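A.B. asks: got a sequence here, can you model it:
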Amino acid sequence: MAVANYRLLTFTLSLRITEKQLFKNLIATDGFTVDLHFARKKKDKSNVELSLEDFTQEEVDEMYRPCAVDPGVSTLIAASYGCGDQPHEYRTFHNGEYYAFHGCTRRNNRLNEQKTRNGIKGIESSFPSTNTVDSRLYEAYIEYFFMHKDRLFEFYGPESGEQRFYNYQGGQKAAQEAANILITGGRKYNKKKRKNTRKNRKKRKASRVNKKTNTKKNAENNE
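C.D. replies: Modelled structure (predicted):
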């Protein structure tokens, strides 16, 4: 049945082949996600080169909106819009906002808790370094890996595919929100795009209170 489904999927995708894309007849899965591999035709690079002298002030005022973007460390993006001596609109997207959209901090904390419970954290922290030119030290790394590979493969099995997918999805969402902030202002600078913000804060607060209460009850029951 699986072979039949694969052939059906291959036939369906072959109908979508165009001059710009080609299905490579390769499907990969980690137990949670499925990857379909395509090849894209390379775009022809144009040799058109423009400079500031090619634009007049009238054209800029009528057709364009100048924007200066400054990437930083704690502030991922800082953008200023407009030109001249008038006050400019200023938008920012901080690293904390990026990780909040990404959600990787929360997922990594849960993963580290699982590593500690299963003893994986101690195994990984004791791995010999591979940054060496001494063959004996590299052989020690290989021996250590094969000594613990069964436990590592069991921990990083198909179940870990879910976390990898959500990390990829979170990265896409965070990058999309950063682009939206630059182009349209995103949810941060458009209140109409926010959905029940105050209501959601109350729900999150109630969820945290319930979690603390349940944790305290479990600790008391264990005692």
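
A.B. asks: can you give me the strands in this structure?
C.D. replies: 21-29, 34-40, 67-71, 75-81, 89-94 (DSSP state E).

A.B. asks: what about the shortest one, distance to the chain center?
C.D. replies: Relative to the mean C-alpha coordinate of its chain, strand 67-71 is positioned 22 Å out (Cα atoms, centre = their mean, to the nearest Å).

A.B. asks: for the residue lying closest to Ile181 once chain neighbours are set aside, grab the count of nearby residues.
C.D. replies: The shortest distance from Ile181 to any non-neighbouring residue, by Cβ to Cβ, 6 or more residues apart in numbering, is to Phe93 (5.1 Å). C-betas here are computed from N, CA, C, even on glycine. Counted with other Cβ atoms under 10 Å, residues neighbouring Phe93 total 23.

A.B. asks: hang on, isn't Phe93 packed against Ser74?
C.D. replies: No: using Cβ atoms under 8 Å, Phe93 is not in contact with Ser74, being 11.1 Å away.

A.B. asks: circling back: got JSON lines for the strands of the chain, with mean pLDDT and distance to Lys193 too?
C.D. replies: Formatted as JSON lines, the strands of the chain follow (pLDDT from 0 to 100; distance: least, Cβ to Cβ, whole Å):
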{"stretch": "strand 21-29", "mean pLDDT": "78", "distance to Lys193": "32"}
{"stretch": "strand 34-40", "mean pLDDT": "81", "distance to Lys193": "31"}
{"stretch": "strand 67-71", "mean pLDDT": "85", "distance to Lys193": "20"}
{"stretch": "strand 75-81", "mean pLDDT": "88", "distance to Lys193": "18"}
{"stretch": "strand 89-94", "mean pLDDT": "89", "distance to Lys193": "14"}
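
A.B. asks: coming back round to it: what's near enough to touch the residue nearest to Ile181?
C.D. replies: If a contact means Cβ atoms under 8 Å, 6 or more residues apart in numbering, then Phe93 has 75-77, 177-178, 181, 188 as its contacts.

A.B. asks: as JSON lines, those residues with neighbour count would be great.
C.D. replies: Formatted as JSON lines, these follow (neighbours: other Cβ atoms under 10 Å):
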{"residue": "Thr75", "neighbour count": "14"}
{"residue": "Leu76", "neighbour count": "18"}
{"residue": "Ile77", "neighbour count": "19"}
{"residue": "Glu177", "neighbour count": "19"}
{"residue": "Ala178", "neighbour count": "17"}
{"residue": "Ile181", "neighbour count": "21"}
{"residue": "Lys188", "neighbour count": "16"}
